[in-house]
Every structure is written in structure tokens, then in C-alpha cells.
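Q: quick one, fold the following:
(2 chains)
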Amino acid sequence: MSLNELAFKLNAHLTAEDTRFDAVLAESGVLEVICSNNEEFPINIVKTDTQLLAITPLFNVNEVKPEQVNELNEELLLISPAIPLSAIGRQGDSYILFGAMALDTLFENIVHELEVQAENTIDVLQVIEPLLL
Amino acid sequence: MGILKNILTAVRGGASEVGESIVDANAVRILGQEIRDAQDAIAKAKQSLTGLKASEIKLKREINSLESDIGSYESKAVQALEAGNEALAVEVAERIAEIESEAAEKGAEHSALSAQVNKINSMIRQREKTIQKNGRELEKIKTVEQLQKATSSMSTNFAATNASEHRVSKALERVKKKQVNWEDRMEAGEWMEGEASGDDLDRKLKDAGIGANASSGASSVLERLKKKSGQ
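A: Predicted structure coming up:
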């Protein structure tokens, strides 16, 4: 399934938990998806030869209280196992939450992953919010 | 090639700017070239393997035919001996010896060919492993590149909103507010449903003459007025 097709299907879909999606394929080739259960932190989807990557940008390192960056990193490592469907990482100065799916993943499973990722984003941010500026 | 180490070095070196390549373009090119070379070599090896395998099968068939000739001549030699024709038996025995020597030659050739086929087969498997390994390495690079692409679009968003303090807290607050709104709406929906079913129940009770005020409506008003005027 191309990202364009995925966008089309997502826009027409409503999950069992009443989550809707607003998906737009940007010129850069990144599919930007806003889940109605978390409209503040969109998920960016990109495609490689073998997988779909779903990335939620969280915050920049300069948004962390400077003296608490190490503490934040440790908290993120501790939280990670609790959200096995999503991984937390750093891309340059940006902290991201991301998941990977095989290219032949069923649409229903992609939807589930996105819904869970949007929820995980809120959960993670709520935990580390006190460490942010 | 430890591509992850390479990637980490590049990232630490600050290759996180938009459009900047994560890994040395040369390394990627070499990796891609290695994959293509291995694929070419496999294609060639498979082609020569087909030829060798055909020769091997042909030799095996010839050996089988020689062995069956030997069997047939052996029984004929026995028949000649039984018939007391020793001279003919000797002639047949000589023929058998000739065929046996030919079969042995072909047998040796067949073994050598089989060994070669096995060698090429294992070489193909080795090359296929190399392709898979390099493919995985290349996939890692592409993954990081795609991640960078997806992240860079938000980096600019961050930059735009950096001026506002507590960006994440405010966003979380909005999410929470929306969730509360949604829960309120759900609750309202449930209330409406409850009301609707309650109305329904009241109607049923009234129809059944239970709980309904018998002196309701105009008659009760009239009665009330009469009482009032009587005072």
C-alpha cells in the first residue's frame, strides 16, 4: 500500500474507539497523520524498502530543564519497556517516539498501532512533563 | 561493516541538519555496489551451475546405462560358461572389463562434477548471505535517513513554537481539555439516552394506570377552581 492509499483509507476510517484520522501526504513524501485522540502531537509516517516508520516528534532538547537532561534520559529508558509498541529515541536534538511496521501490515493493524502510539505519546509526556521547561 | 557505529559517529558529528546525509555517501554507494556485484555473480554462477548440473545428470545416466550393460553381459557370460563355450565367455569378460573401466572413468568424472556443483551451490549461498547482510545494513541507513526526514519537518515546527514557553504542557492541557469535553459529551449522550428511556417508562406506567395522577388535566384544574370559589 502506498502512503497515498494509506492516507485515503485513514481519512475515511473510524476506529472502534471513535478515533478519526486526518492524514495529509506532504511534498517531502512524509505522511502527516493527526489522530483525534491526540491532535496536538501528529504522527509522521515514512516508508523504506521494507518497513513503515511512524514517528511522533515529542520535544527539542532545549525544551528540557538543562540541569535535568540526564534525569529525563533515564526516565525515558525506564518508561520504554512499558510501551513495547513504541520506542523512544533522539534524532539530532529532537526526542521522538516511534514504531516500525512491516510493509505488508494489515490496515486494521496500522490503525491500531497509530491509535496506541498517539496514546503512548500522551502517557510519556505526562510522566516527563515536570522535567520540561 | 559496522554501519550503526558509522551512523552514530555521523550523528554525533552533527549530521542532523535537514538535508545533510547521515552516512558517508561513498559508503552507501560501495554497499549498493557490493550488493549489485554479488547479485551479478550469483546470476552467473547459477547459469554455469545449470550447465554443470546438466552434464552431471547426463553422466549419471551414462553410468547407469553402462552398469546395466555390465549386468547384462555378466549374465550372458554365465550362460556361455554354462553352455561350455569358454572362448565366448572370455570374449564377453573382456568386454565387461572394458565397460567397467569406462564406467569407472565416468564415475570419477561424475564425482568431480558433483563436487564442483556443491562448491558453486555453497558459493551462491554465501553470496546470498552477503546480499542479505548488506541489504540489512542499507536498510538501517535508509531507516535513519527516513527518520531524519520525518523528524526534520517537526524540527522546524519546534523552532517556530520555541518562543512559547511550556509548549508541551500547554499542548497536554489542550489534549486533556478535549478528552474532558469528549467525556462530557459521552455523559450527556448517556443522560439523553436515560431520559429517553425514562420517558418511555413513565408513559408505560401511565398507560398501565400506575403512578399517574388520576385527577390531572382540565378536570383537576376545574375541581381546584371550584374549591377556590367555594371558599
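Q: for B:Gly209, grab phi and psi.
A: Dihedral pair for B:Gly209: phi 70, psi 20, per degrees, to the nearest 10.
Q: hmm, I was thinking of A:Lys65
A: The phi/psi pair for A:Lys65 (degrees, to the nearest 10) is phi -60, psi 120.
Q: so who does it touch?
A: Residues counted as contacts of A:Lys65 (C-beta atoms under 8 Å, 6 or more residues apart in numbering or on different chains) are A:131-133. C-betas here are computed from N, CA, C, even on glycine.
Q: swap the cut-off to 6 Å and go again
A: Residues in contact with A:Lys65 (C-beta atoms under 6 Å, 6 or more residues apart in numbering or on different chains) are A:131, A:133.
Q: the longest helix in chain B is where?
A: The longest helix of chain B (DSSP state H) is helix B:86-161.
Q: cool, and chain A?
A: Longest helix of chain A, by residue count under DSSP H: helix A:107-128.
Q: buried ones in it?
A: Buried residues in helix A:107-128, defined by neighbour count with 16 or more other C-beta atoms under 10 Å in any protein chain shown: A:110-122, A:124-125, A:128.
Q: within reach of chain B, which of the residues you listed are there?
A: Contacts with chain B within the buried residues of helix A:107-128, as defined by C-beta under 6 Å from any C-beta of the partner chain: A:122, A:125.
Q: interface residues of chain A facing chain B?
A: Listed as neighbours of chain B in chain A under the rule C-beta under 6 Å from any C-beta: A:30, A:38, A:40, A:44, A:46, A:48, A:50, A:53, A:55, A:57, A:59-60, A:91-92, A:94, A:96, A:122, A:125, A:129, A:132.
Q: buried subset of those?
A: For the residues of chain A next to chain B, a burial check counting by 16+ other C-beta under 10 Å picks out A:30, A:38, A:40, A:44, A:46, A:48, A:53, A:55, A:57, A:59-60, A:91-92, A:94, A:96, A:122, A:125, A:132.
Q: what about those residues, which are in helices?
A: Residues of those located in helices (DSSP H): A:122, A:125.
Q: what's across from the residue most central in space within chain A in the sheet?
A: The residue lying closest to the centre of chain A (C-alpha atoms, centre = their mean) is A:Thr56, at 3.1 Å. Taking DSSP bridges as the rule, A:Thr56 bridges to A:Leu97.
Q: in chain A, what residue is nearest chain B?
A: Residue nearest to chain B within chain A: A:Gly92 (2.7 Å; C-beta to the nearest C-beta).
Q: hmm, who's touching stretch B:129-137?
A: Defining contact as C-beta under 6 Å, 6+ apart, one finds that stretch B:129-137 is touched by B:3, B:31, B:34-35, B:38.
Q: hmm, I typed the wrong one, I wanted stretch A:94-105.
A: A:51-60, A:85-89, A:113, A:117, A:121, B:151, B:155.
Q: got the CA positions of stretch B:175-188 in PDB?
A: Coordinates of each C-alpha in stretch B:175-188 appear next as PDB, following Å, rounded to 0.1, in the frame of the first residue of the first chain:
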ATOM      1  CA  VAL B 175      -5.400  17.300  24.900                       C
ATOM      2  CA  LYS B 176      -6.800  16.800  28.400                       C
ATOM      3  CA  LYS B 177      -9.400  19.500  27.900                       C
ATOM      4  CA  LYS B 178     -10.600  17.800  24.600                       C
ATOM      5  CA  GLN B 179     -10.700  14.500  26.400                       C
ATOM      6  CA  VAL B 180     -12.800  16.000  29.200                       C
ATOM      7  CA  ASN B 181     -15.100  17.600  26.600                       C
ATOM      8  CA  TRP B 182     -15.400  14.300  24.900                       C
ATOM      9  CA  GLU B 183     -16.200  12.500  28.200                       C
ATOM     10  CA  ASP B 184     -18.800  15.200  28.900                       C
ATOM     11  CA  ARG B 185     -20.400  14.700  25.600                       C
ATOM     12  CA  MET B 186     -20.400  10.900  26.200                       C
ATOM     13  CA  GLU B 187     -22.000  11.500  29.600                       C
ATOM     14  CA  ALA B 188     -24.500  13.900  28.000                       C
END
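Q: for whichever helix or strand comes after the longest helix of chain B, packing partners?
A: From helix B:86-161 onward toward the C-terminus, using DSSP states H and E, the following helix or strand is helix B:167-207. Helix B:167-207 is packed against strand A:38-47, helix A:107-128, with contacts defined by 3 or more C-beta pairs under 6 Å, 6 or more residues apart in numbering or on different chains; DSSP states H and E.
Q: in TSV, list those along with mean pLDDT and distance to B:Glu94.
A: Output for the helices and strands packed on helix B:167-207, formatted as TSV (pLDDT from 0 to 100; distance: least, C-beta to C-beta, whole Å):
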stretch	mean pLDDT	distance to B:Glu94
strand A:38-47	92	75
helix A:107-128	93	76
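Q: out of these, the one nearest B:Met192 is which?
A: Of all the helices and strands packed on helix B:167-207, strand A:38-47 sits nearest to B:Met192, with 25.6 Å by C-beta to C-beta.
Q: so what strands line up beside that closest one?
A: Here strand A:38-47 is paired, per DSSP bridges, with strand A:31-35 (antiparallel), strand A:51-60 (antiparallel).
Q: make a markdown table out of these and add distance to B:Ser220 and mean pLDDT.
A: Shown next, in a markdown table, are the strands paired with strand A:38-47 (distance: least, C-beta to C-beta, whole Å; pLDDT from 0 to 100):
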| stretch | distance to B:Ser220 | mean pLDDT |
| --- | --- | --- |
| strand A:31-35 | 57 | 94 |
| strand A:51-60 | 65 | 92 |
